[in-house]
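S.K.: From the sequence below, what's the structure:
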Amino acid sequence: MDLNFNKNEDHNKLLVSDMKQRFNKVKLGGGEKRIEKLHAEGKMTARERIDYLLDDGAKSIEIAAFAGDGMYAEHGGCPSGGVVVKMGYVRGKQCIVVANDATVKAGAWFPITGKKNLRAQEIAMENRLPIIYLVDSAGVYLPLQDEIFPDKEHFGRIFRNNAIMSSMGITQIAAVMGSCVAGGAYLPIMSDEALIVDKTGSIFLAGSYLVKAAIGENIDNETLGGATTHCEISGVTDYKAKDDKDALDRIKNIIDKMGDFDKAGFSRIKSEKPALPPEDIYGIIPKLRNEQYDMMEVIKRLVDNSDFEEYKAGYGQTIITGYARVDGWAVGIVANQRKVVKSKKGEMQFGGVIYSDSADKATRFIANCNQKKIPLVFLQDVTGFMVGSKSEHGGIIKDGAKMVNAVSNSVVPKFTVVIGNSYGAGNYAMCGKAYDPRLIVAWPSAELAVMGGTQAAKVLMQIEASSLKARGEVITPEKESEMFDKIKAKYDAQVSPYYAASRIWTDGVIDPLDTRKWISLGIEAANHAPIEKKFNLGVIQV
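M.R.: Model (predicted):
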């Protein structure tokens, strides 16, 4: 290994270490004191509940662990969005589990909480996975009610989705393990089956204090909406559990009796580990964003037996396309090549840039994968489409539009991994969040933005400088440098993979070595949902 490899390896391992430290902090939710208080009440934390529910030793992934990261500081923060979401197995059946974190503002819903819950439901609906709600929430966080209550993708959409999933035949189970109040009280009754924990679980549209204020009735919360009331009088819930573990054991038994699902029929054979060491990825991905590297070397460390059958190898070389297997699943890979290559006409092409020929190749390959029913995996390290008169005259806009069209209309499941740059229209063409990947994750080395930090800071600095000069201010070189550094620092914070993850533009920031697990679990989930649409590009200019 050369010195540059070692420098890259050290850099990327530090990024992964930082990611793990951030995650360990997030796992504490509202903090150790609040966890202790929860335990004193005889309750488990959200993560403890999920870990107990999921099968021991089975693979699982956590969706949007960094949701809310760095947000709502004036409100005390909202670690992990105040809700934990995992995809895993319950009695061998793949499920989505959603658990309110009562250590974060008593499980109250912030705007990001609503977005994360909707993302969990979206994954369940796309893949027709059973979804389990572990409810322990004080309801909408009132200081931010205007950002969570009335809009299409706010709190009320949860119950709309409950109804839609019921009509789709997607199993929903709700366990009320703490508070379940106001609008949230509709969740258990809109699920297929509902459980409630005796003495700690409660369901009501209005608590005892509000009932007293509204109609003058004196009643305690347990009598108003406790387990005995809802299991023996109202019939809102179906099972009374003595404690958290009893409730979770009952859910396991319910899931255990479920029948099998109709399969989409994606190809899978026996899994093989990559022949080349996946750990090499740390040394391959460069420390500096403008350095070249061979994406093919990354691919060979992600796919089974390091076998990759390249499609149109000599054409459109700034995008790599080809067939492989990940954990036994057949996949079609579309990846940005990050080294300078020579075009079919002998011209040099920049790595990470999409040219007309590479867009054309990717479009054809995406169509082929749709015809063969092969899931698509996009590996992003893209700075955008090629610009300039030559590209414009050659129809780059048309060729780029064809690629975007193919990605948009693809009916096979898509999975996106942001490895490095994810800038501008390149993000769109390579299946960014707006193009409905079943799962989208970023490595710690990723950046998501309209353009790179240095270029953007120069543009923004020039605009600000022009504005100041128009007002008669003198801009010295020192002042200009200070302005640039300030703007770039702000922009760099916004292009961070954690900034994207906190807003659920991605489903998480992951260790590169976990990429195979995410893709495999994602395709297995997608295999629950038979493809009902036909691939059709519609009308495009050819």
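S.K.: Count the neighbours of Ala275 for me.
M.R.: Using other C-beta atoms under 10 Å, the number of residues around Ala275 comes to 12. Using the backbone N, CA and C atoms, a C-beta is placed for each residue, glycine as well.
S.K.: Please name the nearest non-neighbouring residue to it.
M.R.: Ser306 (3.9 Å; C-beta to C-beta, 6 or more residues apart in numbering).
S.K.: same thing with Ala241?
M.R.: Ala247 (3.6 Å).
S.K.: need the next SSE after the helix or strand that contains the one you found, C-terminal direction.
M.R.: Element membership for Ala247 (DSSP states H and E) is helix 244-256. Following helix 244-256 in sequence order, the next helix or strand is helix 281-284 (DSSP H and E).
S.K.: How far off centre is that next one?
M.R.: Distance of helix 281-284 from the chain centroid (C-alpha atoms, centre = their mean, to the nearest Å) equals 24 Å.
S.K.: Then stretch 154-164?
M.R.: The chain centre lies 20 Å from the centre of stretch 154-164; the measure is C-alpha atoms, centre = their mean.
S.K.: need the longest helix for the chain.
M.R.: In terms of residue count, the longest helix belonging to the chain (DSSP state H) is helix 3-26.
S.K.: Run the chain-centre distance for that one.
M.R.: Going by C-alpha atoms, centre = their mean, where helix 3-26 is centred and where its chain is centred differ by 21 Å.
S.K.: Flag every buried residue along the very next helix or strand once past it.
M.R.: Note on helix 3-26: by DSSP H and E, the next helix or strand toward the C-terminus is helix 32-40. By 16 or more other C-beta atoms under 10 Å, the buried positions in helix 32-40 come out as Arg34, Ile35, Leu38.
S.K.: hmm, who's touching helix 32-40?
M.R.: Here helix 32-40 makes contact (C-beta atoms under 8 Å, 6 or more residues apart in numbering) with Leu28, Gly29, Met44, Thr45, Ala102, Thr103.
S.K.: Show me what counts as buried in stretch 138-154.
M.R.: Ala138, Gly139, Val140, Tyr141, Leu144, Ile148, Phe149, His154.
S.K.: Please save the CA atoms from the one helix or strand in the chain whose mean pLDDT sits lowest in CSV.
M.R.: The helix or strand of the chain with the poorest confidence is helix 389-393; it has a mean of 72 (mean pLDDT, DSSP states H and E). Coordinates of each C-alpha in helix 389-393 appear next as CSV, following Å, rounded to 0.1, in the frame of the first residue of the first chain:
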residue,chain,number,x,y,z
SER,A,389,-20.6,25.2,-25.6
LYS,A,390,-19.5,21.9,-26.8
SER,A,391,-21.7,20.0,-24.4
GLU,A,392,-24.6,22.3,-25.0
HIS,A,393,-24.4,22.0,-28.7
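S.K.: what residues does it touch?
M.R.: Residues contacting helix 389-393 (C-beta under 8 Å, 6+ apart): Tyr355, Ser356, Phe385.
S.K.: Now with 7 Å, please.
M.R.: Ser356 (C-beta atoms under 7 Å, 6 or more residues apart in numbering).
S.K.: Tell me which residues of it come out buried.
M.R.: In helix 389-393, counting by 16+ other C-beta under 10 Å, buried: Ser391.
S.K.: Can you name the next helix or strand after it?
M.R.: Downstream of helix 389-393, the next assigned helix or strand under DSSP H and E is helix 396-409.
S.K.: Kindly provide the whole-number mean pLDDT of that next one.
M.R.: Regarding helix 396-409, the rounded mean pLDDT is 92.
S.K.: can you check stretch 175-190 too?
M.R.: Stretch 175-190 comes out at a mean pLDDT of 88.
S.K.: do stretch 77-93 as well
M.R.: 98.
S.K.: most neighbours, which of the contacts of helix 32-40?
M.R.: Ala102 (28 neighbours).
S.K.: how close does it sit to Gly31?
M.R.: Going from Ala102 to Gly31 by C-beta to C-beta, to the nearest Å gives 12 Å.
S.K.: give me the low-pLDDT residue ranges for the chain?
M.R.: Scanning the chain for pLDDT under 70 picks out 1, 393-394, 453, 456, 539-542.
S.K.: dump the residue contacts of the spatially most distant residue from the centre of the chain.
M.R.: What lies farthest from the middle of the chain is Gly472; by C-alpha atoms, centre = their mean that is 47.5 Å. Counting by C-beta under 7 Å, 6+ apart, Gly472 touches no other residue.
S.K.: Go over the secondary structure and confirm it is in a strand.
M.R.: No. Applying DSSP: H, G, I helix; E, B strand; the rest coil, one finds Gly472 to be coil, outside a strand.
S.K.: what's it sitting at in phi/psi?
M.R.: phi 90, psi 10 (degrees, to the nearest 10).
S.K.: surely Val303 meets Arg325?
M.R.: Yes. Counting by C-beta atoms under 7 Å, Val303 touches Arg325, with 6.3 Å between them.
S.K.: which of the two has more neighbours?
M.R.: Val303 (26 against 20).
S.K.: Now for the closest residue to that one other than its chain neighbours: which residues touch it?
M.R.: Distance criterion C-beta to C-beta, 6+ apart; nearest residue to Val303, sequence neighbours excluded, is Ala324 at 3.8 Å. Neighbour list for Ala324: Val303, Asp304, Asp307, Phe308, Glu309, Val331, Ile333 [criterion: C-beta under 7 Å, 6+ apart].
S.K.: Of the residues you listed, which belong to strands?
M.R.: Counted as lying in strands by DSSP state E, out of these, are Glu309, Val331, Ile333.
S.K.: could I get the residues you listed as CSV with distance to Gln94 and neighbour count?
M.R.: Output for the ones in strands among the contacts of Ala324, formatted as CSV (distance: C-beta to C-beta, whole Å; neighbours: other C-beta atoms under 10 Å):
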residue, distance to Gln94, neighbour count
Glu309, 29, 11
Val331, 18, 27
Ile333, 24, 27
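S.K.: what's the closest of those to Ala500?
M.R.: Ranked by distance to Ala500 (C-beta to C-beta), the ones in strands among the contacts of Ala324 are led by Ile333 at 22.2 Å.
S.K.: Now do that closest one against Ser467, distance only.
M.R.: To Ser467, Ile333 is 46 Å away according to C-beta to C-beta.
S.K.: Where do the strands of the stretch 351-500 of the chain begin and end?
M.R.: Assigned by DSSP state E, counting those that start in this stretch, the strands in the stretch 351-500 of the chain fall at 353-354, 376-382, 384-385, 414-423, 439-442, 447-449.
S.K.: Contacts made by the third one with the rest, please.
M.R.: It refers to strand 384-385. By C-beta under 7 Å, 6+ apart, the surrounding residues in contact with strand 384-385 are Val353, Ile354, Ile396, Gly400, Tyr423, Gly424, Ala425, Gly426.
S.K.: Tell me the one of those nearest Met258?
M.R.: Nearest member of these to Met258, counting by C-beta to C-beta, is Gly426, at 42.0 Å.
S.K.: so the closest one touches Ile354, yeah?
M.R.: Yes. With contacts counted by C-beta under 7 Å, Gly426 reaches Ile354, the gap being 6.0 Å.
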